[in-house]
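Q: When you get a sec, could you give me coordinates for this:
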Amino acid sequence: MNQELRDILFLDIETVGCSDDYNSLDDRLKVQWARKANFFKQRDDQHTDEILFYERAGIYAEFGKVIVIGIGRYTENEKRELGFKVKSLYGEDERKLLQEFKAIVDKMDASTKLCAHNGKEFDFPYLSRRMLVNDISLPSVLNLAGKKSWEVPHLDTMELWKFGDYKHYTSLDLLAAIFNIPSSKGEIDGSQVNEVYYKEKNIKKIADYCQRDVIVVAQLYLKMKGLGIIPTQHIIS
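A: Just a heads-up that it's a prediction; the model follows:
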């Protein structure tokens, strides 16, 4: 396996609102959410602040929290065949979860790069913001202060697919379809995470879904490098 592939840590995060009950927020946060919700109401004034909070709060680090972090790396067997090893970190205690992730990345080589789909706009900044909220110092792979753009150790499969077209958004599921990569969609998709967490109380189901997304991102990266995808039997969860 070449060094470029060896140095990548693939990841995906799953997030939910900081609470399933808007009324449990303190007054200051309610005021701030009302301001945020006004932007949504310009397009859809049928929803209350409470409904919008339940549906959308999880995508904002100021009003959400991380519940699952899926991570994976390429491997190589004794026959020098490429494989992939993936796992999920998950739990109710966000601070403990983020500390566990930080401990893992702190032990990695300085050459390690993070890769996610839309990671530069979502996963990486979300993790960084939630770490600061939880009084956790940023690991070097997330601390971008003072770094030039070419020094930032982040890869993004959506950015790679843009080819400089900054207006272009393409979902991971669409790219998986056109590259004939098995979909990560099973019992749930991203829009159902909040409900599965708060109503079904089944975080394990979310963790399994997150792992599948990490695998898809890793397979997509290979396709973008002109390489074949990894056979299922060479993927270890």
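Q: give me phi/psi at residue 104?
A: Residue 104 has phi and psi values of phi -70, psi -50 when expressed as degrees, to the nearest 10.
Q: those helices in this protein, which residues are they?
A: When secondary structure is read from DSSP state H, the chain shows helices at 3-6, 27-41, 49-56, 94-106, 123-133, 157-162, 172-178, 193-195, 203-224.
Q: what angle do the fifth one and helix 94-106 make?
A: Between helix 123-133 and helix 94-106, the angle formed by their directions is 120 degrees, by axes from the mean of the first three to the mean of the last three CA atoms, to 10 degrees.
Q: So which elements touch helix 123-133?
A: Contact analysis of helix 123-133 by 3 or more CB pairs under 8 Å, 6 or more residues apart in numbering; DSSP states H and E lists strand 8-17, strand 64-76, helix 94-106, strand 113-116 as its packing neighbours. Heads up, the C-betas are built off the backbone N, CA and C, glycines and all.
Q: Go through the third one and flag the buried ones.
A: Judged by neighbour count (16 or more other CB atoms under 10 Å), helix 94-106 contains these buried residues: 94-95, 97-98, 101-102, 105.
Q: I would like the residues contacting stretch 70-84, please.
A: Counting by CB atoms under 8 Å, 6 or more residues apart in numbering, stretch 70-84 makes contact with 1, 5-6, 8-14, 85-89, 101, 104, 207, 210-211, 213-215, 218, 222, 230, 234-236, all of which sit outside it.
Q: if we can go back for a sec, figure out which of the helices and strands packed on helix 123-133 is closest to residue 53.
A: Proximity to residue 53 (CB to CB) singles out strand 8-17 among the helices and strands packed on helix 123-133, at 6.3 Å.
Q: Who does that closest one pair with, and is each partner parallel or antiparallel?
A: On the basis of DSSP bridges, the sheet neighbours of strand 8-17 come out as strand 64-76 (antiparallel), strand 113-116 (parallel).
Q: which one of the ones you listed lies closest to residue 136?
A: Go through the strands paired with strand 8-17 one by one with CB to CB and the one that ends up closest to residue 136 is strand 64-76, at 11.3 Å.
Q: and the closest one, C-alpha only, in PDB?
A: Below are the C-alpha coordinates for strand 64-76, written out as PDB (Å, rounded to 0.1, in the frame of the first residue of the first chain):
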ATOM      1  CA  GLY A  64     -26.600  20.000  18.500                       C
ATOM      2  CA  LYS A  65     -24.200  17.400  19.800                       C
ATOM      3  CA  VAL A  66     -22.200  14.500  18.400                       C
ATOM      4  CA  ILE A  67     -23.400  11.000  19.200                       C
ATOM      5  CA  VAL A  68     -21.400   8.800  16.800                       C
ATOM      6  CA  ILE A  69     -18.000   9.100  15.200                       C
ATOM      7  CA  GLY A  70     -17.200   6.400  12.600                       C
ATOM      8  CA  ILE A  71     -13.600   6.000  11.700                       C
ATOM      9  CA  GLY A  72     -11.700   3.700   9.300                       C
ATOM     10  CA  ARG A  73      -8.300   3.100   7.600                       C
ATOM     11  CA  TYR A  74      -7.000   1.100   4.700                       C
ATOM     12  CA  THR A  75      -5.200  -2.100   5.600                       C
ATOM     13  CA  GLU A  76      -3.100  -4.600   3.700                       C
END
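Q: can you pull the buried residues of it?
A: Residues of strand 64-76 classed as buried by neighbour count (16+ other CB under 10 Å): 64-75.
Q: No further questions, thank you.
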